[in-house]
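Colleague: based on what follows, work out the 3D shape:
(2 chains)
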Amino acid sequence: MSREQLSFVRSHMLPEAPPPTAETGAIKWLRENLFSSPANTLLTLVSAYVIFKIVMGAAPWFINGIWDSPSLTACREILGGKVGGCFAVLTERWNQLLFGFKYPPELYWRPTLAFVLLFVAVAPVLFIKYLPRKLLVFTGLYPFIAFWLIWGGPIATPVFALLGVLVGIFVYFRLLRTSAGVAVIAGFLAALVFWILSGYLKAPFDGFLAMEAVASRDMGGFMINLMLGVVCVSLSLPIGILLALGRQSSMPIIKWICVVFIEFIRGVPLITLLFVANVVLAYFLPPGTNFDLILRVIIMITMFSSAYIAEVIRGGLAALPRGQYEAADSLGLDYAQSMQLIILPQALKISIPGIVNVAVGLFKDTTLVSVISMFDIVGMIRGPILASPEWNGVYWEVFGFACVLFFITCYGISQYSQWLERQLQTDHR
Amino acid sequence: MAAETQMKISDEVAIEIVKMNKWYGAFHVLRDIDLTVYQGERIVIAGPSGSGKSTLIRCINALEEHQKGSIKVDGTLLSNDLKNIDKIRSEVGMVFQHFNLFPHLTILENCTLAPIWVRKIPKKEAEEIAMHFLTKVKIPEQADKYPGQLSGGQQQRVAIARSLCMRPRIMLFDEPTSALDPEMISEVLDTMIQLAEEGMTMICVTHEMGFARKVANRVIFMDQGQIVEQNEPEEFFNNPQSDRTKLFLSQILGH
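Modeller: From the prediction side, this is the model:
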């Protein structure tokens, strides 16, 4: 080749062109994904056979299922030797599975309404970009409404609790100018003082707008799992953030309190903490104090999961480049501002998969309360339902139902978190 | 020093560093730094890597702590008092080698964040200021994009605009062009030159000697944590005094 042929000058730039239109279609997909090689073809056929066998085995169990029958023996008689599930246990014990066996049936509407309102309360937090911020007011009120609906009693109890919170917030904002630390402590103390005082003030209002009270020990079923899951997740996230920040603090006392708390809680099985909540805690409390069992369990599960969430968030904080801290500092933002505006939004975004992991785990762990004789859905199944003469021997149907309930909830959480991650993606990699 | 009186642009002292020392553990990074910067001065700090140039300017806005000596910025003594530190930081803008834009915020939000939260300026007004400075660095049309969608040079210009939105009295540049592709260096330098022409007090750590020649009214050469030589750019480049400076210049201007 001569020298002239090698030299080249482009006379015009090439315009942007679309990629060649790929051949698409089901057959191409099948060939590429299922039958691309002999080994692949063999695997496809074997898998198809296995799936076929499973479906053929399970289908009659579902199709022949009995949905209306008073007991297992009656159900088996109807089936007459055929394979089939006794789903009648679900319809017959539906309310027990959801609300427990002691919750007054005429009051079922109250937890149901609380459950429906839960979605209204959670939506503005989950979809903050798409819903007006004013709806967050309802989210703030929801805990008090839900408490009143589920436990009943005079409306004064949640109202005074709410007023205490408002007093605390008011004191916090009044003192915020002087020092954030003082404001937090003073706000907390103010709320506490208000609650103690309101204990004396409340009596005259006890008859006012009082709903029939339901004791904690009368609650049960999936309701308990949901209550514990929602309360503990929403409490342990802020506590976990504080613990994670505390662990990074330059103040040694705060740092060591956080480290000791996290390491201790993480080193102890949840079940032992629940036994502590159930039995041991009572020894430390003054005699006669009626410290609600559900409240004790909530405290223990929250402590447990906030320690885990703190470590997940610490991972997120560690993943941020130092330059982000420096840029925030160099602009004159103070510690609280740089955490709130720069560091946490990014660290939490990185931590979403880990946080969801803890949240889903926590939600499923709420079934552990069945070992301290609380009748959550697993406690209900193992206790009142399986022990009853009518339904002794029904396992697949009831435990399968519990699985389905948990799966729907956890899968929902997981899908939401993936959607949220896509929403927050700004780096366009 | 006779030269110093000529170099003075004003009598107003912007930064006064006296006998400042810094250690990383046992390692003595900065040794007896004495430096007075007058309002309106444009100073370029050069030197081999590890000579403490970046550490020096990071001490000025307290990103690094010094252990001995004193630093006064705009009359405020830099101490452990957080209020003083935050005050100084809001007066001193800083541009980093790796831009350090906030990736979760849009360009506009990056620029309005500090004015809104630190200066307590209303959002509307902060956005106007931000657009003003984004126009000045010639990227107003990118205001609604995220940093990840911009080129390196554009990101660095946003970083400059972000600092300017705080209306700082002093700007620190920590190797602003070192992480950029060669094609993008000049757009950032042009922005810096424009800023210098408007009379901003600037301290730049940079290896861009052309920029130093053109813009600086004083060049400082550092080695082993000390100021080895400082002079007007003409004198500094054409007639370096110390052997260490001569060696450094021959190495970076050699080809």
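
Colleague: low-confidence ranges, the chain, go.
Modeller: No chain in the question, so chain A it is. Along chain A, the parts satisfying pLDDT under 70 run over A:1-4, A:19-24, A:179-180, A:207, A:282, A:285-290, A:427-429.

Colleague: sorry, should have said chain B
Modeller: B:1-9, B:254-255.

Colleague: remind me, longest helix of it?
Modeller: helix B:182-197 (DSSP state H).

Colleague: contact residues of chain A facing chain B?
Modeller: A:321, A:323-324, A:326-334, A:337, A:341-342, A:345-346, A:349, A:424, A:426-429 (C-beta under 8 Å from any C-beta of the partner chain). Placement of C-beta: from N, CA and C, glycine included.

Colleague: can you list which of those are found in strands?
Modeller: Residues from these lying in strands, with DSSP state E as the criterion: none.

Colleague: number of residues surrounding residue 92?
Modeller: All of this is about chain A. 20 (other C-beta atoms under 10 Å in any protein chain shown).

Colleague: oops, chain B please
Modeller: 27.

Colleague: just the buried residues of the residues of chain A next to chain B.
Modeller: A:324, A:326-334, A:337, A:341-342, A:346, A:349, A:424, A:426 (16 or more other C-beta atoms under 10 Å in any protein chain shown).

Colleague: contact residues of the stretch 151-255 of chain B facing chain A?
Modeller: B:162-163, B:166.

Colleague: what about these, which one has the most neighbours?
Modeller: Top of these by neighbour count (other C-beta under 10 Å): residue B:162, with 30 neighbours.

Colleague: and after the helix or strand encompassing it, which helix or strand comes next?
Modeller: Per DSSP states H and E, residue B:162 falls inside helix B:152-164. Going down the chain from helix B:152-164, the next helix or strand is strand B:170-174, by DSSP H and E.

Colleague: name the surrounding residues that touch that following strand.
Modeller: Contacts with strand B:170-174, where a contact means C-beta atoms under 8 Å, 6 or more residues apart in numbering or on different chains, come from B:14-15, B:37, B:54, B:57-58, B:60-61, B:73-74, B:91-97, B:163-164, B:192, B:195, B:200-206.

Colleague: note down every partner strand of that strand and its orientation.
Modeller: Here strand B:170-174 has these sheet partners by DSSP bridges: strand B:92-95 (parallel), strand B:201-205 (parallel).

Colleague: tell me which of those strands sits most buried.
Modeller: strand B:92-95 (a mean of 27; mean count of other C-beta atoms under 10 Å in any protein chain shown).

Colleague: quick one: it to chain centroid distance?
Modeller: How far strand B:92-95 lies from its chain's middle: 6 Å, per C-alpha atoms, centre = their mean, to the nearest Å.

Colleague: state the three-state secondary structure for residue B:145.
Modeller: Here residue B:145 is coil, with the state taken from DSSP: H, G, I helix; E, B strand; the rest coil.

Colleague: residue contacts, the closest residue to it other than its chain neighbours?
Modeller: Leaving aside its chain neighbours, residue B:145 sits nearest to residue B:107 (5.8 Å; criterion: C-beta to C-beta, 6 or more residues apart in numbering or on different chains). For residue B:107, the contact set (C-beta under 8 Å, 6+ apart) comprises B:101, B:134, B:139, B:142-147, B:150, B:158.

Colleague: still on that earlier bit, what's the closest of the strands paired with strand B:170-174 to residue A:355?
Modeller: strand B:92-95 (32.9 Å; C-beta to C-beta).

Colleague: now what about that closest one, what contacts it?
Modeller: Under the criterion C-beta under 8 Å, 6+ apart, residues A:327, A:330, B:57, B:60-61, B:63, B:73, B:156, B:159-160, B:163-164, B:166, B:168-174, B:176 lie in contact with strand B:92-95.

Colleague: next, the buried residues of the longest helix of chain B.
Modeller: So helix B:182-197, judged by 16+ other C-beta under 10 Å, has buried residues B:184-189, B:191-192, B:195-196.

Colleague: before we move on, what about stretch A:383-403?
Modeller: A:383-386, A:388, A:390-391, A:394, A:397-398, A:401-402.

Colleague: name the helix or strand for residue A:130, please.
Modeller: Judged by DSSP H and E, residue A:130 forms part of no helix or strand.

Colleague: what's the span of stretch A:104-112 from first residue to last?
Modeller: End-to-end span of stretch A:104-112 (C-alpha to C-alpha, to the nearest Å): 13 Å.

Colleague: summarise which helices and strands the host helix or strand of residue A:199 is packed against.
Modeller: Per DSSP H and E, residue A:199 falls inside helix A:180-201. With contacts taken as 3 or more C-beta pairs under 8 Å, 6 or more residues apart in numbering or on different chains; DSSP states H and E, helix A:180-201 sits against helix A:156-175.

Colleague: show me which residues of the helix it packs on are buried.
Modeller: In helix A:156-175, the ones that count as buried by 16+ other C-beta under 10 Å are A:156-165, A:167-168, A:171-172, A:175.

Colleague: residue contacts, the closest residue to residue B:94 other than its chain neighbours?
Modeller: Take residue B:94 and drop its neighbours on the chain: the residue closest to it by C-beta to C-beta, 6+ apart is residue A:330, 4.0 Å away. Going by C-beta under 8 Å, 6+ apart, residue A:330 touches B:61, B:63, B:89, B:92-94, B:96, B:163.

Colleague: hmm, back to that, can you tell me which of the buried residues of helix A:156-175 is closest to residue A:128?
Modeller: Out of those, the member with the shortest distance to residue A:128 (by C-beta to C-beta) is residue A:165, at 21.2 Å.
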